[in-house]
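Engineer: Predicted model and sequence follow; I will ask about them next.
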There are 2 protein chains.
Amino acid sequence: MGFNRVAVLGLGLIGGSLLHAVRHAGLEVVGYDLDHATAAAAGAAGFPIAPSVADAVHGADLVVLAMPLTGLDEALRELTGRLEAGAVLTDVGTLKAPVQRAVATYGLGAHFVGGHPLAGTEESGWAAADPLLFRDAPWTLTLEPDTDLDAWIALADLVCDLGARPVPVTVTDQDAAVARVIGLPHMLAEALALTGVAGGPLGLSLAAGSYRSGSRVARTRPELVATWCDDNPALVDALDHVLERLTRARAELAGGESMYELAAAGYAARMDWEHRSFAPVELSPTREALLEHGSAGGWITAVLRDESVRLLGMRPEE
Amino acid sequence: MGFNRVAVLGLGLIGGSLLHAVRHAGLEVVGYDLDHATAAAAGAAGFPIAPSVADAVHGADLVVLAMPLTGLDEALRELTGRLEAGAVLTDVGTLKAPVQRAVATYGLGAHFVGGHPLAGTEESGWAAADPLLFRDAPWTLTLEPDTDLDAWIALADLVCDLGARPVPVTVTDQDAAVARVIGLPHMLAEALALTGVAGGPLGLSLAAGSYRSGSRVARTRPELVATWCDDNPALVDALDHVLERLTRARAELAGGESMYELAAAGYAARMDWEHRSFAPVELSPTREALLEHGSAGGWITAVLRDESVRLLGMRPEE
């Protein structure tokens, strides 16, 4: 099983990059965007553009929801009853629980495998689309008890063809990890951008390397940041952890002690992350084996189809 | 008044880079380092290296304290009674109050102008020394009521020759600004490095752009981070500000509301910082005019000596 015709609904940074990357992988692709100017720009770049969601998904065996979260409901309503039999539906949103819920509401759960390419930049929109955006990027694919395993494997295969790294996860685990490595860094960057320079023009003129990198992602459009942070209970837990750690260091400093312990722990954590090493593994195509692999920090590198389906992957060494 | 012979005590990243940059500016330079291997490496690179502090400062009209803060007391003890009459003493430490106090203890206050080039990297040591490290870097120079204004101007002139941007500040204002744009970003980076990946291997494998840039400066040696953060009361205030802001956003998220307000404020702050524009000004060489210029976010671009001393500078436009 593989896909022949992919419909991409929403042609911003991620959807637009997908249009390029999927065509580059040799598949037929069709795009759709509510915004006429965006649709026209993609058409001018040589992509077939459908005039409606119904036209886009007609004949498609994979449909990618890549519109902003605010447009999700309308797109699902238009899709309902129009997906081809056996077509797979996926998305590219940062949080998986809200999309999973919305898809279930429209009775589309049997078609659905949630997806999240961790490949954003500070840029957005069709003009920023980049066929190499997904190269070596982790791309979570959700495996729930009712997920169609064949559809999951076919999607993982395509994600490998796009040069990215499919990571098998449950919806809950993916949103908890995203809270820590996307939501939290954005909230800290916003708070730093704001507090760091609130001291006035002298601070603005001295702000350099550490302020620049620490607040870099505060350059992201705030509407997007909110969709990555809101409605994720795990982010509240991650914030509690960081607030507790900072409050302890604050008490040390206020008491005339050193914050060295925090610096040493942060240094060790960053170095551990940088210095992981990985080994290849072969995986059996079962839900349990795949989810264990994802939890252990592994990803899929190839889907092989000979007598049976086999998956190859990489995972951190112990 | 200009300097002829500069002694640099301590040849790590900053001291080593100074040795290169001062020679490149056409002045005579001599180095000293407690560590024999470092001194030997600097000697092998063609720099004159003195066997003791006393030898290094003999004949020097500018002495730069560039050793780690832990070695400051010993160096000041060895300097006492050995500075040439009229010699200027400066340093390159991140916080100015501790150095100012130590210098006063040894009765060297009349020679002293505190300095802080904002030009670190994550690297350290002689091997990382870079003659272009100071290019366009802000470099605070402290102007206290008892600072010798001629010495201050001569040092500002040299800092301009090194390609950097002298910023006139009081000790208190410099340490308050540093708390916000150096101490705070480092504390947030450490807390992010630690909390971001504390969720286990899945989080480690998904951590990408925003975690990478947000925790970048957690790569700095923790002993150094502690010397930049400890013993600075203004950092406690900056932490209180950021904790208050994050706690408010945490309450919004926990209550099912959006954190949009924080994202919008952070975005605006970061954009304001990036999009400042500057205009040239001429400054009279008085303490009041210089400090007003520094507080307004300005720096010195040149010291002119014709009939009188005039300073040129740049400052943010209103």
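Structural biologist: Right, received. Where do you want to start? Owing to the predicted nature of the structure, the values given are computational and were not obtained by experimental measurement. Numbers count the residues shown, from 1 in each chain, chains lettered A, B, ... in the order given.
Engineer: CA atoms for contacts and neighbours, from now on please.
Structural biologist: Fine.
Engineer: where are the low-confidence patches of the stretch 151-300 of chain A?
Structural biologist: Along the stretch 151-300 of chain A, the model assigns pLDDT under 70 to no residue.
Engineer: where along it do the strands fall?
Structural biologist: A:165-169, A:278-283, A:299-305 (DSSP state E, counting those that start in this stretch).
Engineer: Kindly reformat those strands as CSV and extend each row with mean neighbour count.
Structural biologist: Listed next are these as CSV, based on neighbours: other CA atoms under 10 Å in any protein chain shown:
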stretch, mean neighbour count
strand A:165-169, 29
strand A:278-283, 14
strand A:299-305, 20
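Engineer: Put together TSV for those, with distance to chain B on each row.
Structural biologist: Compiled in TSV, the strands of the stretch 151-300 of chain A are given as follows (distance: least, CA to the nearest CA, whole Å):
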stretch	distance to chain B
strand A:165-169	9
strand A:278-283	11
strand A:299-305	9
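Engineer: Mind checking the ones you listed for the one nearest to B:A66?
Structural biologist: Closest to B:A66 of those is strand A:278-283 (CA to CA; 41.3 Å).
Engineer: who touches that closest one?
Structural biologist: For strand A:278-283, the external contacting residues (CA atoms under 8 Å, 6 or more residues apart in numbering or on different chains) are A:A289, A:L290, A:R310, A:L311, A:L312, A:G313, A:M314, A:R315, A:P316, A:E317.
Engineer: Starting from that strand, tell me which strands it pairs with and how they run.
Structural biologist: strand A:309-316 (antiparallel) (DSSP bridges).
Engineer: and the strand it pairs with with strand A:299-305, angle?
Structural biologist: 160 degrees (axes from the mean of the first three to the mean of the last three CA atoms, to 10 degrees).
Engineer: Please list the residues of the stretch 51-200 of chain A that sit near chain B.
Structural biologist: Residues of the stretch 51-200 of chain A lying close to chain B (CA under 8 Å from any CA of the partner chain) are A:118, A:120-121, A:138, A:177-178, A:180-182, A:184-197, A:199.
Engineer: Mind doing that once more with 7 Å?
Structural biologist: Contact residues (CA under 7 Å from any CA of the partner chain) of the stretch 51-200 of chain A with chain B: A:138, A:177, A:180-182, A:185-186, A:188-197, A:199.
Engineer: quick one: which two of the contacts of strand A:278-283 are the most distant?
Structural biologist: The span of the contacts of strand A:278-283, defined through CA to CA, is set by A:R310 and A:E317 at 21.0 Å.
Engineer: When these two are compared, which one has more neighbours?
Structural biologist: Counted by other CA atoms under 10 Å in any protein chain shown, A:R310 and A:E317 do not tie: A:R310 has more neighbours, with 15 against 12.
Engineer: Spit out the contact partners of the more buried one.
Structural biologist: Counting by CA atoms under 7 Å, 6 or more residues apart in numbering or on different chains, A:R310 touches A:L283, A:S284, A:P285, A:V303, A:L304.
Engineer: want to throw these into a markdown table with distance to A:L65?
Structural biologist: Formatted as a markdown table, those follow (distance: CA to CA, whole Å):
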| residue | distance to A:L65 |
| --- | --- |
| A:L283 | 29 |
| A:S284 | 29 |
| A:P285 | 26 |
| A:V303 | 24 |
| A:L304 | 27 |
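Engineer: For the longest helix along chain A, give me every contacting residue.
Structural biologist: Longest helix in chain A by number of residues, with DSSP state H as the criterion: helix A:233-254. Contact with helix A:233-254 is made by A:176, A:179-180, A:183-184, A:258-259, A:262, B:191, B:195, B:230, B:236, B:239, B:243, B:250, B:253-254, as judged by CA under 7 Å, 6+ apart.
Engineer: May I see the buried residues of that helix?
Structural biologist: Within helix A:233-254, the residues scored as buried using 16 or more other CA atoms under 10 Å in any protein chain shown are A:233-243, A:245-246, A:249-250, A:252-254.
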